[in-house]
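S.K.: Quick one: sequence and predicted model below, then my questions.
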Amino acid sequence: MTTLDMPTSAKDFDVNAVVRSDRVHGSVYTSPEIFRREMDTIFKTGWVYVAHESEVSETGDYLTRMIGSDPVVVVRGKDGVVRVLLNRCTHRANKLCNADKGNANSFRCPYHGWTFNNTGALQGVPMREGYGVAFEEVRAELGLANAPRVDSYGGFVFASLAADGISLREHLGGVTHAIDRLLNLAPDRRIDLRANWMKHRHHANWKMVVENNVDGYHALFTHASVYDAIKPAKVSHVPAKVDVLVRDIGGGHSEIDYSEEYRKLDEEFVWYGRIPRAKLAGYVDALEKAYGPDQAHHALVVGPPHTLIWPNLFLAEMNVMFVEPQAPDRTIAYTTAVLIPGQDDLNERTLRRSEGAMGPAGFLIADDGEIGMRNQAGLAAELPEWLILARGMDDDITDETGIINRDKSAETPQRGFYSQWASVVGGKAGCDDR
Amino acid sequence: MTVETQPESSPALRPLPDTDILSFLYLEARLADEGRYSEWESLWADDDETVLYRVPMHPDDDPRTTLAYINDNRRRIKSRVAQLNTGNRHSQTPPSVMRRVVSNSEVAGQVGDTVTVESNFALFEYRVRQRFWAGRVVHTVRRSPEGLRLIRKIVHLIDAGGPIDTLAFLI
């Protein structure tokens, strides 16, 4: 493990000792203290992606997820409101809901039989006379704890465990464009994320997993076996040959943006195996009916986003990935395909494409997982102390969309990620000192 | 909870596979274990559009609406093998050292010249650390003039519903 004299008290934590504008210290990937601090800051104070509305579309639909180290139940209550409840019986802390997903009017604790309705209110306590006259107080006080703030944008549901803070819209800032770009490919601006989540255990720090998603430098090397053996990349991964940008959108959000290159080609579905539009005639018709031929053509040319939404959500073109940090060197990546309601032909192709590329057996992601594991193994060497993220620093350009770099191999997205990391983990987000 | 003391019908015994079928399953297991990718690929039928190599997340998942960890048709099996054969598939460079036990094989169905065999399997994989993979494997094998050919292999991992490690080898 990379060591650094980590102060045990958060009051002494100096984020400048581990993050600088062009580099990060190895300990940010290995230190249990820093991992704990991330859980207490990023995941306890900020907005975190928890679910998609399609997954809880009916009253009583629920999912179990994690917000950092807190297990939660995301549930649509009988009043139609989506809540994020802490998955812990208020009596003796038994984990209340143990299924991945389902539909329920109420949750019953298996330990002493307490029941909570799907809005989180305490419903029933067996042998309640044991609480005497105080029972009504017990009932009122012992509803399930919940994330005080839940909000959504374009169907993506986010929650914050902190009562106060910036709004979701402020948190998302310019990255709403990426969600819009995805929804532009859906005739009624709705997508469906119910194709099941692949759950892939990465033996790497969660930041390695997410940073890699917006690293425009690695594909030629990490994924050479795909391009050599199976098919060439959709467009060249040699930066000088393409107009592909990387962008620090601000707030920790970042992306690789292929749209300029695709617009130059003015060809639809380059991002979808260059499939001829005739093979997806029903889908193209629906899109043209919804938006008109010009706007539909534009959406089909520029395609979906390749965008990281701070801290845990990755819009992976026609896939969605989110990560669950479990330990400094262990992360679960959840991946599913983006389905478009009513477009069965398209969806079946999307599922097969997703299986081909993504997840533990995917032609791409299995190798990203391997590289992440080797990164973690390499970090056992304590020297050099720093990982350098200076690539392209002199060519960064600030424009109205953020900080862009016209060389897709520039480490502009990672610099944006760590700028946000330093600001949040450094304590400006009101973390609770321990 | 009630305990059924008198089941309505006794569970049916299933026939054991013929020895040539068993030999074929063991050959398939050995070639996968030893990373003999092209030889393994040659076991698959080339002339059947229903060829399927599949590792679902849940046994009853419908591939038209849900994702699987692996859901390869014949063409994608070829791609998977081609990628492994580059020697540059990082997640299998070096390849896992593996041995699997295929056992409890029973004939689950027989239609014309094809037979479906269900077996339990336990796979011991060593790469950096040792892992165990286990589950039910369902092979559908066709007898043809040129010999036995694999039509379907469906692997139901016992931990398919939970997070799994990288699965880049042939399971």
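M.R.: Arrived safely. This one's a predicted model, so the numbers in the text were calculated from it and none came from an experiment. Numbering: from 1, shown residues only, chains lettered A, B, ... in the order given.
S.K.: Let me see the contact set for residue 124.
M.R.: In the absence of a named chain, this looks at chain A. The contact partners of residue A:124, by Cβ atoms under 8 Å, 6 or more residues apart in numbering or on different chains, come to A:113, A:114, A:115. In this view, the C-beta of every residue, glycine as well, is placed from N, C-alpha and C.
S.K.: hm, I was asking about chain B
M.R.: B:98, B:99, B:100, B:130, B:131, B:132.
S.K.: ok, and it, which helix or strand is that part of?
M.R.: Using DSSP states H and E, residue B:124 maps to strand B:114-127.
S.K.: Can you mark which positions in whichever strand or helix holds residue B:152 are buried?
M.R.: Per DSSP H and E: residue B:152 is located in strand B:147-157. Within strand B:147-157, the residues scored as buried using 16 or more other Cβ atoms under 10 Å in any protein chain shown are B:148, B:149, B:150, B:151, B:152, B:153, B:154, B:155, B:156, B:157.
S.K.: ok, now stretch A:320-338?
M.R.: By neighbour count on 16+ other Cβ under 10 Å, the buried set for stretch A:320-338 is A:320-326, A:328-338.
S.K.: which residue sits closest to the residue nearest the centre of chain A in space, ignoring its chain neighbours?
M.R.: Centroid-nearest residue in chain A: residue A:313, 1.2 Å away (criterion: Cα atoms, centre = their mean). Closest residue to residue A:313 apart from its sequence neighbours, by Cβ to Cβ, 6 or more residues apart in numbering or on different chains: residue A:49 at 3.9 Å.
S.K.: repeat for residue A:165
M.R.: Nearest to residue A:165 is residue A:45, by Cβ to Cβ, 6+ apart, at 6.5 Å.
S.K.: Repeat that for residue B:28.
M.R.: With Cβ to Cβ, 6+ apart, the residue lying closest to residue B:28 is residue B:43, at 5.7 Å.
S.K.: Up against chain B, what does chain A have?
M.R.: Within chain A, the positions near chain B by Cβ under 8 Å from any Cβ of the partner chain are A:100, A:195-196, A:198-201, A:203, A:222, A:224-226, A:228-230, A:332, A:336-337, A:339, A:344, A:347-348, A:351-352, A:354-356, A:359-361, A:363, A:366-367, A:369-371, A:373.
S.K.: Okay, helices next: where are they in chain B?
M.R.: B:19-33, B:37-41, B:74-85 (DSSP state H).
S.K.: about what we covered before: which of the contacts of residue A:124 sits closest to residue A:423?
M.R.: residue A:114 (40.9 Å; Cβ to Cβ).
S.K.: Measure how buried that closest one is and give me the count.
M.R.: Using other Cβ atoms under 10 Å in any protein chain shown, residue A:114 has 22 other residues around it.
S.K.: is it true that it touches residue A:107?
M.R.: No - look at residue A:114 against residue A:107 with Cβ atoms under 8 Å: they stay out of range, at 9.0 Å.
S.K.: quick one, phi/psi of the residue nearest to residue B:28?
M.R.: phi -70, psi -20 (degrees, to the nearest 10).
S.K.: For it, give me its contacts.
M.R.: B:24, B:27, B:28, B:31, B:148, B:149, B:150.
S.K.: now residue B:140
M.R.: Residue B:140 neighbours (Cβ under 8 Å, 6+ apart): B:114, B:115, B:116, B:117, B:150, B:151, B:152, B:153.
S.K.: ok, so what distance separates the closest residue to residue A:52 other than its chain neighbours from residue A:348?
M.R.: Using Cβ to Cβ, 6+ apart and skipping the chain neighbours, the partner closest in space to residue A:52 is residue A:193 (4.1 Å). To residue A:348, residue A:193 is 16 Å away according to Cβ to Cβ, to the nearest Å.
S.K.: So for the two, which residue has more residues nearby?
M.R.: Neighbour totals were compared for residue A:193 and residue A:348, and residue A:193 leads with 19 against 15 (other Cβ under 10 Å).
S.K.: Mind pulling up the pLDDT for the more buried one?
M.R.: If you check residue A:193, the pLDDT there is 98.
S.K.: Now do the residue nearest to the centre of chain A, the pLDDT please.
M.R.: 98.
S.K.: Tell me if I'm right that residue A:388 and residue A:26 touch.
M.R.: No - when contacts are counted by Cβ under 8 Å, residue A:388 is not listed as touching residue A:26 (11.4 Å).
S.K.: Neighbour count: these two, which is higher?
M.R.: The neighbour comparison of residue A:388 against residue A:26 (other Cβ under 10 Å) goes to residue A:26, with 22 against 12.
S.K.: quick one: contacts for the more buried one?
M.R.: Counting by Cβ under 8 Å, 6+ apart, residue A:26 touches A:2, A:379, A:382, A:385, A:386, A:387.
S.K.: same thing with residue A:371?
M.R.: The contact partners of residue A:371, taken as Cβ under 8 Å, 6+ apart, are A:212, A:218, A:222, B:90.
S.K.: If we use 6 Å, what do you get?
M.R.: residue A:222 (Cβ atoms under 6 Å, 6 or more residues apart in numbering or on different chains).
S.K.: before we move on, what about residue A:204?
M.R.: Residues near residue A:204 by Cβ under 6 Å, 6+ apart: A:372, A:373, A:375, A:376.
S.K.: how about low-confidence regions in the chain?
M.R.: Let's take chain A. In the predicted model of chain A, residues A:1-11, A:428-434 satisfy pLDDT under 70.
S.K.: Not quite, go with chain B.
M.R.: B:1-8.
S.K.: Flag every residue of it that's near chain A.
M.R.: Taking Cβ under 6 Å from any Cβ of the partner chain, the part of chain B that reaches chain A is made up of B:57, B:64, B:66-67, B:69-71, B:79, B:82-83, B:86, B:88-91, B:163-168.
S.K.: how does it look with 8 Å?
M.R.: So far as Cβ under 8 Å from any Cβ goes, chain B lies against chain A at B:55, B:57-58, B:61, B:63-71, B:76, B:79-80, B:82-83, B:85-86, B:88-91, B:128, B:161-168.
S.K.: Among the residues of chain A next to chain B, which ones are in helices?
M.R.: Reading helices off the residues of chain A next to chain B with DSSP H, I get A:222, A:224-226, A:228-229, A:344, A:347-348, A:351-352, A:354-356, A:366-367, A:369-371, A:373.
S.K.: Report the buried members of those residues.
M.R.: Applying 16+ other Cβ under 10 Å to these flags A:222, A:224-226, A:229, A:347, A:351-352, A:354-356, A:366-367, A:369-371, A:373 as buried.
S.K.: Could you report the neighbour count for the closest residue to residue B:40 other than its chain neighbours?
M.R.: Nearest-residue entry for residue B:40: residue B:31, 4.1 Å, with adjacent residues in sequence omitted and distances by Cβ to Cβ, 6+ apart. For residue B:31, the tally of surrounding residues (other Cβ under 10 Å) stands at 18.
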